[in-house]
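Asker: what would the 3D arrangement of this be:
(chains A and B)
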Amino acid sequence: MKILVCLCPVPDTTTKIAFSDNNTTFNTAGVTFIINPYDEWYSLVRALELKEAGTATAVHLVTVGKADAEPVIRKALALGGDEAIRIDTDSNDPYVVAAQIAEFAKSEGYDMVLCGKESIDYNNGTVGAMLAELLDMNYLGFVSKIDVAGKTVTVKREIDGGEETDACDMPLVISCQKGVAEARIPNMRGIMAARTKPLKVVAPAAIENLSAIVSYEMPPAKTGVKMIATDNMDELVNLLHTEAKVI
Amino acid sequence: MSVIVLAEHAQGAFKKKSQEAVQYASRIAAAMGTTVTAVAAGNISADELRTLGAYGAQKVLHVADARLDDLNSRAYSRMLVTAAQQEGAKVIICLHDTTGKAVAPRVAARLKAGMVGGAVADPVMSNGFTVKKSVFSGKAFANVSITSDVKVITLMPNTFGVKKGEGDATVESLSVAFDAADFGVAVKEVSKASGSVPLSEAELVVSGGRGLKGPENWGLIENLAAELGAATACSRPVADSHWRPHHEHVGQTGGTIRPNLYIAAGISGAIQHLAGVNGSKTIVVINKDPEAPFFKAADYGVLGDVFEVLPRLTDAVKKWKAAHS
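Answerer: Numbering: from 1, shown residues only, chains lettered A, B, ... in the order given. Take a look at the predicted model:
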């Protein structure tokens, strides 16, 4: 069983977001990039667990990005995985990202493709399901538990207002969230091993952007907090009704 | 060239967020000089289907296949693609929820349509087709221009609310050529959280952080939530310590919510937490630390001990309800 883990480099969660060029460009000066937490903590670690258990024979990592994405990929390889693939292009368009990965993956015979439920930068949450369509696979989203028995995968996943246990045969695409696995920290041996693991650079396919970010905005600043004394909760409830009009 | 919108229902009654999505679609359709066709699946009455007219749908296409009572993203996307092709749709709307996020990207990939996930405003069509969405988990917004002929949007629930209008939609049955592979996912077990309000749809949310000191104190959060008819949420440390189930975790690596009212008790308001909740219309922060960064993002603040303030606030709500019923 071969697993492909999709990784997206994103700004560290503590990053203060700023824009330049008249709010048309995300300003990456001084920004530390990490692996998207859903991809690293859940998808990647679960893939490694399946390999350690002897269920998976190979774990490949893939990202769509230019050379500056490589340190993040090496960090992922330090956690584990047999090899990494970088598709050498950059796009904010989810269709392009999904289609580039699909072009690469379609001839590789992956049984399971794992993604995070969304990237914490552009929050579209679309690449996994797009990949499933482009690879003609089933898709299970918002998964919090993955078990494999033979060719059947059993998952627990979030649905509207509850949880569901589903079974589905491979091949399939799964998007992972909390619960799938516990985050790991790379050890020194892993970091050393990662330096010599193969990181293949693949030329991108000719795929046109279907969308583009034209500008950014910051959320309107709050005008200032109104403090209420602890013994005046009637006033707070009254303000929520008459001023905020939310109850 | 109508606008297509997927309308979800629970046990045969349309969800409020789906009425909101239909209304969103109707504003887009009006701006484009066309009409709205809603698509609904599974076991639902013709009377209920017609009600979407009051939210701006002229027509509802119904696929009565009982296999659609479960969400197979392949089957749902085939249904929407069939509807879109039949209607010559240029815009397809789903919700930015667990259903829409599984279905809309498949539809977009199949139709080679540009897609924006999680729209928070009506598209601007004066110069192309630009959709505003939240990015960096709520720290900023991006205006995304979709350049393809067909466009797919998932709408963030509870962005606009719903205003019921007049009228009935006409109902037609839609026939879809499913194949067996469309139903490859078998549902083994469903557990619905009963009685409580689903967090993603909740208009009012009461949330607790480390300041509550332990899971045994969550009655304080639950009592206030019950009095308000609110959903409960928590910060990441609380979910990580297994005080609360992880689906209650809101923040950058948890859920993003935009309720009308978010009450945060004993949460300091780290940037990662704010990212998940700063789309809330009104924020109340209860914290005993005057330096808690959350106060800067709040509309109303109470500087005090949550163990004292929460019961008082619960009582005040109870009193107010009694006076207003």
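Asker: please make it C-alpha for all contacts and neighbour counts, starting now.
Answerer: Noted.
Asker: how about the helices in chain A?
Answerer: A:37, A:45-52, A:70-79, A:94-105, A:127-134, A:188-196, A:233-242 (DSSP state H).
Asker: so does the shortest one get close to chain B?
Answerer: Right, the one you point to is helix A:37. Yes: counting by CA under 8 Å from any CA of the partner chain, contacts between helix A:37 and chain B involve residue A:37.
Asker: beta partners of residue B:231?
Answerer: residue B:205 (DSSP bridges).
Asker: correct me, but it touches residue B:205?
Answerer: Yes: taking contacts as CA atoms under 8 Å, residue B:231 lies within contact range of residue B:205: 4.8 Å.
Asker: the more surrounded of the two?
Answerer: Per other CA atoms under 10 Å in any protein chain shown, whichever of residue B:231 and residue B:205 has more neighbours is residue B:205, with 30 against 25.
Asker: the helix or strand containing residue B:318 vs helix A:233-242, what angle?
Answerer: Using DSSP states H and E, residue B:318 sits within helix B:306-324. Helix B:306-324 runs at 60 degrees relative to helix A:233-242, counting by axes from the mean of the first three to the mean of the last three CA atoms, to 10 degrees.
Asker: picking up where we left off before, which one of the helices of chain A is the most hemmed in?
Answerer: Counting by mean count of other CA atoms under 10 Å in any protein chain shown, helix A:127-134 has the highest mean neighbour count of the helices of chain A, with a mean of 28.
Asker: show me which residues of the lengthiest strand in chain A are buried.
Answerer: As assigned by DSSP state E, the longest strand anywhere in chain A is strand A:138-149. Under the neighbour-count criterion of 16 or more other CA atoms under 10 Å in any protein chain shown, strand A:138-149 has A:138, A:139, A:140, A:141, A:142, A:143, A:144, A:145, A:146, A:148 buried.
Asker: follow-up on the earlier one: tell me which of the helices of chain A sits nearest to residue B:85.
Answerer: helix A:127-134 (17.3 Å; CA to CA).
Asker: kindly export the closest one (C-alpha atoms) in CSV.
Answerer: This file holds the C-alpha atoms of helix A:127-134, laid out as CSV (Å, rounded to 0.1, in the frame of the first residue of the first chain):
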residue,chain,number,x,y,z
VAL,A,127,-7.6,20.6,-2.6
GLY,A,128,-8.5,17.2,-1.1
ALA,A,129,-11.9,16.9,-2.7
MET,A,130,-10.6,18.4,-6.0
LEU,A,131,-7.8,15.8,-6.0
ALA,A,132,-10.4,13.0,-5.5
GLU,A,133,-12.4,14.2,-8.5
LEU,A,134,-9.3,14.6,-10.7
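Asker: what bridges to the most centrally placed residue in chain A?
Answerer: Here the mean C-alpha position of chain A is nearest to the C-alpha of residue A:116 (CA atoms, centre = their mean), at a distance of 3.5 Å. Bridge pairing for residue A:116 (DSSP bridges) gives the partners residue A:176.
Asker: roughly how far apart are residue A:160 and chain B?
Answerer: 6 Å (CA to the nearest CA, to the nearest Å).
Asker: does anything pack onto the longest strand of chain A? Which helices or strands?
Answerer: helix A:127-134, strand A:152-159, strand A:172-176, helix B:73-87, helix B:98-111 (3 or more CA pairs under 8 Å, 6 or more residues apart in numbering or on different chains; DSSP states H and E).
Asker: could you dump those to TSV with distance to residue A:34?
Answerer: What follows is these, written out as TSV (distance: least, CA to CA, whole Å):
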stretch	distance to residue A:34
helix A:127-134	18
strand A:152-159	26
strand A:172-176	17
helix B:73-87	30
helix B:98-111	24
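Asker: sorry, back to before: wait, does the helix holding residue B:318 contact chain A?
Answerer: Yes: counting by CA under 8 Å from any CA, chain A is contacted by helix B:306-324 at B:309, B:312, B:313, B:316, B:317, B:320.
Asker: ok, the residue nearest to the second one when sequence neighbours are not counted - contacts?
Answerer: What that stands for is residue B:312. Once flanking residues are discounted, residue B:312 sits nearest to residue A:233: 6.4 Å by CA to CA, 6 or more residues apart in numbering or on different chains. Counting by CA atoms under 8 Å, 6 or more residues apart in numbering or on different chains, residue A:233 touches B:309, B:312, B:313, B:316.
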